[in-house]
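Asker: just a sequence and a predicted model for now, questions to come.
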Amino acid sequence: METDLLPTAARLPAWWPPRTTPPRRPPITLEGILAGVRVPDADPRRWREQLEEATAGLREALLVDPGVARAALESPVCPQGLRVREGMLAIMRAAGLPEATRAAALTGLLLYAIADAAYQHAPDGRHPSLAACRHAPEGRHPHLASAPDAPCGERFRFGLKLLLDGLAAALPDRAG
């Protein structure tokens, strides 16, 4: 009598499906995600369009997975993150923005893209804090209770326009 009860290829019936291992998905890394962010070469005549493209591209890249935006905030800066930052600063420099303005604007644009990506992963694209405002007692908080909530994409574009309008206003002796 055979004591080895583990199946082997020789003992399996012909109709038995072959043993396969499911394909492994490569791990998602912040470095890999940021590699896909396109930052155009700086052109002083197109600075606004270029910053919009880079910031929106960063946000889109971070939407690939719910944990990525959080990782972007909590992780040290990787080489691709440095590339994105360097490119955005080059665009702002070509536009003629002062150095201090560039540094603050970079932080603002990066944080805006990351935060919006995190909000996008909330149910229905609405963060729980926004939903809580929706249910605020109307008598105590009439403005919050009646304020419309724009879809994430519209909200992002609106906020980005405001940030870029502020940068245009900071240009020395030039209109944005």
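Answerer: Yep, that arrived.
Asker: tell me which strands and helices the top helix by length along the chain is in contact with?
Answerer: Assignment by DSSP state H gives helix 99-120 as the longest helix of the chain. Applying 3 or more C-beta pairs under 8 Å, 6 or more residues apart in numbering; DSSP states H and E, one finds that helix 99-120 contacts helix 47-62, helix 68-74, helix 79-95, helix 152-170. Glycine gets a C-beta too; all of them are placed from N, C-alpha and C.
Asker: quick check: next helix or strand after the lowest-mean-pLDDT helix or strand in the chain?
Answerer: Of all helical and strand segments in the chain, the minimum by mean pLDDT, DSSP states H and E falls on helix 128-134, at a mean of 67. Remark: after helix 128-134, the chain's next helix or strand is helix 142-146, criterion DSSP states H and E.
Asker: that next one packs against which elements?
Answerer: Using 3+ C-beta pairs under 8 Å, 6+ apart, helix 142-146 sits against helix 128-134.
Asker: surely residue 171 and residue 94 touch.
Answerer: No: counting by C-beta atoms under 8 Å, residue 171 stays clear of residue 94, with 11.5 Å between them.
Asker: report pLDDT for the nearest residue to residue 36 once chain neighbours are set aside.
Answerer: Counting by C-beta to C-beta, 6 or more residues apart in numbering, residue 36 lies nearest to residue 61, which is 5.5 Å off, once chain neighbours are set aside. With respect to pLDDT, residue 61 has a value of 95.
Asker: got the phi and psi for residue 45?
Answerer: Per-residue torsions, residue 45: phi -80, psi -20 (degrees, to the nearest 10).
Asker: quick check: it vs residue 97, distance?
Answerer: 14 Å (C-beta to C-beta, to the nearest Å).
Asker: circling back to that earlier point, residue contacts, the residue nearest to residue 36?
Answerer: Counting by C-beta atoms under 8 Å, 6 or more residues apart in numbering, residue 61 touches 33-34, 36-37, 68.
Asker: of the residues you listed, which count as buried by neighbour count?
Answerer: Buried members of the contacts of residue 61, counted by 16 or more other C-beta atoms under 10 Å: 33-34, 37, 68.
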